[in-house]
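1. sequence unavailable; structure follows:
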């Protein structure tokens with residue numbers, strides 16, 4: 001419909017906007033901005049748990065609806081994409097699905113074990129100078145770099 005958005009927002013625009021959003025949320029609500037926290041609050045709403053923070057539920061819904069709007073309404077060339085096209089070019093579907101499922105399980109386990117997700121620790125925790133968040137962020141960044149290096153070698157540079 002409208003081709004208003006580029007493929008990617010430049011880091012020098014998105015980074016400062018996100019930083020201001022994080023600082024603003026700390027100033028207004030004294031709470032961090034994180035995706036796993038929003039997921040936990042949304043799950044708590046469906047389980048009818050006490051003390052659900054409603055704005056986090058709306059944040060979680062907004063992540064989904066915003067992504068849907070950007071890909072379906074604001075892009076002319078929007079087709080159905082899985083986000084794993086590069087992986088699918090190298091591995092068959094029978095390998096890709098277990099890899100993605102295994103990765104999702106490890107990601108959820110890691111977020112539960114670490115007390116938050118990469119966005120929560122990397123952006124909000126390090127902004128608060130939390131020693132745990134600094135350690136977690138260093139660990140997942142080192143792991144991501146190592147994994148990328150191993151995938152490059154294993155696939156001959158195809159991934």
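-> Good, I have the coordinates. None of these values were measured; they are calculated from a predicted model. Numbers count the residues shown, from 1 in each chain.

2. so which bits of stretch 115-129 are buried?
-> By 16 or more other Cβ atoms under 10 Å, the buried positions in stretch 115-129 come out as 116-125. Heads up, the C-betas are built off the backbone N, CA and C, glycines and all.

3. quick check, nearest of those residues to residue 143?
-> Checking the buried residues of stretch 115-129 against residue 143 by Cβ to Cβ gives residue 118 as the nearest, at 10.4 Å.

4. quick one: residues contacting the closest residue to the closest one other than its chain neighbours.
-> Across the structure, with Cβ to Cβ, 6 or more residues apart in numbering as the measure, the residue nearest residue 118 apart from its sequence neighbours is residue 140 (5.5 Å). Under the criterion of Cβ atoms under 8 Å, 6 or more residues apart in numbering, the contact list for residue 140 reads 110, 118, 121-122.

5. so which of the buried residues of stretch 115-129 are in helices?
-> Secondary structure from DSSP state H places 118-119 of those in helices.

6. where in the protein is the helix or strand with the lowest mean pLDDT?
-> Averaged element by element with mean pLDDT, DSSP states H and E, the chain has its least confident helix or strand at helix 118-119 (a mean of 78).

7. residue 38 versus the closest residue to residue 107 other than its chain neighbours, what's the distance?
-> With sequence-adjacent residues excluded and distances taken as Cβ to Cβ, 6+ apart, residue 107 is closest to residue 117, at 7.9 Å. Counting by Cβ to Cβ, to the nearest Å, the gap between residue 117 and residue 38 amounts to 10 Å.

8. cool, thanks, signing off.
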